[in-house]
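Asker: Dropping a prediction and its sequence here:
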Amino acid sequence: MSKPPHRFWDEDENSESFEKFSKIRKREKGKSRAGDLATRFEIPEKEWESQSVEGAFAARVVEVHKRYAFVSPEAERGQVKTNDVWLATIARRHLTARREQRNFVCVGDRVLCRPAREDELASTSELPQCLVEALAPRATRLARRDPMTPEREHILCSNVDQLAVVASFRKPLVKWGLIDRYLVLAESEGIKPLIILNKRDLLDDEAGELERSEAAEIAREGNDGASEAKVAGSAGGGRDLRSFRRKCEDRIALYRSLGYEVFTMQANMKGVARDPEVKRLAAALKGKITAFSGHSGVGKSSIVNLYKPELVQAVEPDEDIFYKGRHTTSYASFLKLGSGGYVIDTPGVRSFLIREDSPIHLTHCFVEMRPILGKCAFRECRHVDEPDCQVRAAVESGKITRWRYKSYLGLLLGTTGRQGRTRDLEVEEP
């Protein structure tokens, strides 16, 4: 099966409703950009090369902290000198500007900097220091609603080619709803998604059982439309590892049938470099800028370290701690890989709330629903309880799986929890 294009909208599709929605979105972005231009912090792409700030140089943001950032020169687009690091602060005249995002800059931003004068030095650091004078428009961005201030956005990183959605099969337990949430974000931004499932070894015990807490979490999540009683009454009291493994295999097969690349591995395994899946991922990362994101403790940094980054990412050395799902990365880092390409290793998230969106936009982000769009009785059909809905008909016929439809409903109706768990949605299995 050929892969569907990883973008928000397929030009070959015909939907007047979607075209109308796209125009509204463009106007909203234009208004936001106009506000930025008033402060001259964000510079349009066509003006980027013509800027004449004395001594200024183009750079890429490689780390962001509360009061400062680190940048590396980027004389040629895509060639970041990550071994040349400057300590950067925002030029003072921009600090009073009203902004809708929590952060002025984020990792991956292309910025215009100038060396700081003696009276502008931010600290006594031995690193060279500079001021960020301007920001280039972000081609793509990975953003979520700020957990502390929901009306604002927290942009985790920008200008990436790919988004590696990292999860672990167990400890912490894979959250399929969270993966779907990331896929929606990637489709919306036109970023190619990769799905990486780590800790493969925790599925290998033929006679093994899930822990009680894991079985209880699966029962609560109920992604298959099964009630807690139904799960508890299954083989092994709801704790049979073989059944869980089959469920994982089925979902991996579905993602692949939808055109998504899925990788399974054990990052801490001896001889892991010889694993065909590790080699296949190396080829996917080469020549690209890839953001790694996912739940806390799934092993993102351990996977990044397999590809020889110039700075080895910190991971917990204690295997017991490694499997408990704790944060080991505290801030995002832009890293050059020895195997080729760049990665942005982001901190593990415990909450990933994306903005509520229209049914038209959201439906297009579920690739299996695209061929059905425009065929419902109502142009603005939400695919919830409207009559003659072709999406719901596809769910009933099995063309769209019930658990993916449930992910759609959770995002549309705002009933999805902070970790991608869908609550109180009755989508019963036949």
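Answerer: Received, thanks. Numbers count the residues shown, from 1 in each chain.
Asker: Give the next helix or strand downstream of the lowest-mean-pLDDT helix or strand in the chain.
Answerer: Using mean pLDDT, DSSP states H and E, the weakest-scoring helix or strand in the chain turns out to be helix 319-322, at a mean of 38. Counting by DSSP states H and E, the next helix or strand C-terminal to helix 319-322 is strand 333-336.
Asker: What helices and strands are in contact with that following strand?
Answerer: Strand 333-336 is packed against strand 57-64, strand 342-345, with contacts defined by 3 or more Cβ pairs under 8 Å, 6 or more residues apart in numbering; DSSP states H and E. Quick note: C-beta positions are derived from backbone N, CA and C, even for glycine.
Asker: which one of the ones you listed lies closest to residue 123?
Answerer: Of all the helices and strands packed on strand 333-336, strand 57-64 sits nearest to residue 123, with 14.7 Å by Cβ to Cβ.
Asker: which strands and helices sit next to that closest one?
Answerer: strand 69-73, strand 86-90, strand 110-115, strand 333-336.
Asker: which residues sit against the last one?
Answerer: It stands for strand 333-336. Contact with strand 333-336 is made by 60-63, 72, 80, 82, 107-108, 304, 309-311, 313, 342-345, as judged by Cβ atoms under 8 Å, 6 or more residues apart in numbering.
Asker: so can I have CSV of the helices and strands packed on strand 57-64 showing distance to residue 159, mean neighbour count and mean pLDDT?
Answerer: Output for the helices and strands packed on strand 57-64, formatted as CSV (distance: least, Cβ to Cβ, whole Å; neighbours: other Cβ atoms under 10 Å; pLDDT from 0 to 100):
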stretch, distance to residue 159, mean neighbour count, mean pLDDT
strand 69-73, 13, 22, 93
strand 86-90, 17, 21, 90
strand 110-115, 6, 21, 92
strand 333-336, 10, 24, 92
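Asker: Would you check that residue 65 makes contact with residue 331?
Answerer: Yes - with contact defined as Cβ atoms under 8 Å, residue 65 counts as touching residue 331 (6.7 Å).
Asker: now the chain, which segments are flagged as low pLDDT?
Answerer: Across the chain, the stretches falling below the confidence threshold (pLDDT under 70) are 1-40, 48-54, 92-102, 146-151, 206-207, 221-238, 311-330, 348-353, 355-357, 415-430.
Asker: Tell me where it has strands.
Answerer: Per DSSP state E, the chain carries strands over the ranges 57-64, 69-73, 86-90, 110-115, 129-135, 141-145, 153-158, 162-168, 192-198, 261-264, 289-294, 333-336, 342-345.
Asker: what domains does the record give for this structure?
Answerer: Following the assignment in automatic domain parsing, the chain carries domains at 45-137, 143-430.
Asker: Mean neighbour count, those domains: which tops it?
Answerer: Mean neighbours per residue, mean count of other Cβ atoms under 10 Å, is largest over these for domain 143-430, with a mean of 18.
Asker: hang on, the earlier thing: of all the strands of the chain, which lies closest to residue 382?
Answerer: strand 141-145 (21.2 Å).
Asker: tilt between the closest one and strand 162-168?
Answerer: Interaxial angle of strand 141-145 relative to strand 162-168 (axes from the mean of the first three to the mean of the last three Cα atoms, to 10 degrees): 50 degrees.
Asker: Report all helices and strands that strand 141-145 contacts.
Answerer: Secondary-structure packing of strand 141-145 (3+ Cβ pairs under 8 Å, 6+ apart): strand 153-158, helix 176-189.
Asker: what pairs with that strand, and is each one parallel or antiparallel?
Answerer: strand 153-158 (antiparallel) (DSSP bridges).
Asker: Using TSV, lay out the helices and strands packed on strand 141-145 together with distance to residue 76.
Answerer: Output for those, formatted as TSV (distance: least, Cβ to Cβ, whole Å):
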stretch	distance to residue 76
strand 153-158	19
helix 176-189	24
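Asker: Determine which of those approaches residue 397 most closely.
Answerer: helix 176-189 (20.7 Å).
Asker: That closest one relative to strand 289-294, how many degrees between them?
Answerer: Counting by the same axes, to 10 degrees, helix 176-189 lies at 150 degrees to strand 289-294.
Asker: Next, the angle from helix 176-189 to strand 192-198.
Answerer: Going by the same axes, to 10 degrees, helix 176-189 makes 160 degrees with strand 192-198.
Asker: can I get the CA coordinates of helix 176-189 in CSV?
Answerer: The C-alpha trace of helix 176-189 is given here as CSV (Å, rounded to 0.1, in the frame of the first residue of the first chain):
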residue,chain,number,x,y,z
TRP,A,176,-2.1,4.8,22.1
GLY,A,177,-4.3,7.9,22.5
LEU,A,178,-1.1,10.0,23.1
ILE,A,179,0.4,8.6,19.9
ASP,A,180,-2.7,9.5,18.0
ARG,A,181,-2.5,13.0,19.5
TYR,A,182,1.1,13.4,18.2
LEU,A,183,0.1,12.1,14.8
VAL,A,184,-2.7,14.7,14.5
LEU,A,185,-0.2,17.4,15.4
ALA,A,186,2.3,16.1,12.8
GLU,A,187,-0.4,15.9,10.1
SER,A,188,-1.6,19.4,10.9
GLU,A,189,1.9,20.9,10.7
